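1. After the sequence you'll find the predicted model.
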Amino acid sequence: MSTKDEFANHIVEQMLHNDKFSQWLGISIIKIAEGYSKISMMVRNEMLNGHGIAHGGIAFSLADSAFAFACNNRNVLSVSLDTSINFIKPTHTGDILFAEAKEIHNGKNTGLYHITITNQYNHVVALFKGTCYKTDRKVVNESV
């Protein structure tokens, strides 16, 4: 692992430590690299909608967390500017979801990320696109 990737991991660990919603989702970090993240979670009963399938906000939230971890892991505080999601397949209680965020563009003021959400069978269940705005602040104010 490169020093840049080690630093990216440190930033994401700090973010997750302070992110109560991602903790409630049960998110686990699989891999972090500069401009990249892969995370997972299990769908629980309390995440189901009235149709007995996972609420769309669950896949969106998982993807949004992957997006945040990828676009902030250079320690440049970045916020969501625009997001969209396409739901491909339903998910159910017990499904394991994976969100993989890949950086498409890393500009001076904005970044573009594509996040693919798959289930435990490697079926694509949703596609998410996020654009972030980079502020002039740091995510963590410590040196590693």
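-> Looks like it came in fine. Note that the structure is predicted; figures quoted are calculated from it, not measured.
2. Following the chain past the particular helix or strand that has Leu81 in it, name the next helix or strand.
-> Here Leu81 sits within strand 78-87, counting by DSSP states H and E. Per DSSP H and E, the first helix or strand lying C-terminal to strand 78-87 is strand 96-106.
3. what sits opposite Thr110 in the beta ladder?
-> Tyr133 (DSSP bridges).
4. for it, what are its contacts?
-> 81, 131-134 (C-beta atoms under 8 Å, 6 or more residues apart in numbering). C-betas here are computed from N, CA, C, even on glycine.
5. Farthest pair within those residues?
-> Thr131 and Lys134 (10.7 Å; C-beta to C-beta).
6. Which residues are in contact with each of the two?
-> Counting by C-beta under 8 Å, 6+ apart, the contacts common to Thr131 and Lys134 are 110-111.
7. From the chain's centroid, how far away is stretch 16-34?
-> On the basis of C-alpha atoms, centre = their mean, to the nearest Å, stretch 16-34 sits 8 Å off its chain's mean C-alpha point.
8. neighbouring contacts of it?
-> With C-beta under 8 Å, 6+ apart as the criterion, stretch 16-34 contacts 2, 4-5, 7-9, 12-13, 37-42, 44, 58, 61-62, 65, 69, 73-74, 98.
9. what ranges do the strands span in this protein?
-> For the chain, strands defined by DSSP state E occupy the ranges 28-33, 36-42, 78-87, 96-106, 110-118, 124-134.
10. Given the shortest one, what are its sheet partners and their directions?
-> Taking DSSP bridges as the criterion, strand 28-33 sits next to strand 36-42 (antiparallel) in its sheet.
11. now the strand it pairs with against strand 96-106, angle please.
-> 160 degrees (axes from the mean of the first three to the mean of the last three C-alpha atoms, to 10 degrees).
12. buried ones in strand 36-42?
-> 36-41 (16 or more other C-beta atoms under 10 Å).
13. From the centroid of this protein, which residue is nearest?
-> Ala66 (0.9 Å; C-alpha atoms, centre = their mean).
14. Am I right that that residue is in contact with Ala101?
-> Yes. The pair Ala66 / Ala101 is scored as a contact, 4.0 Å apart, by C-beta atoms under 8 Å.
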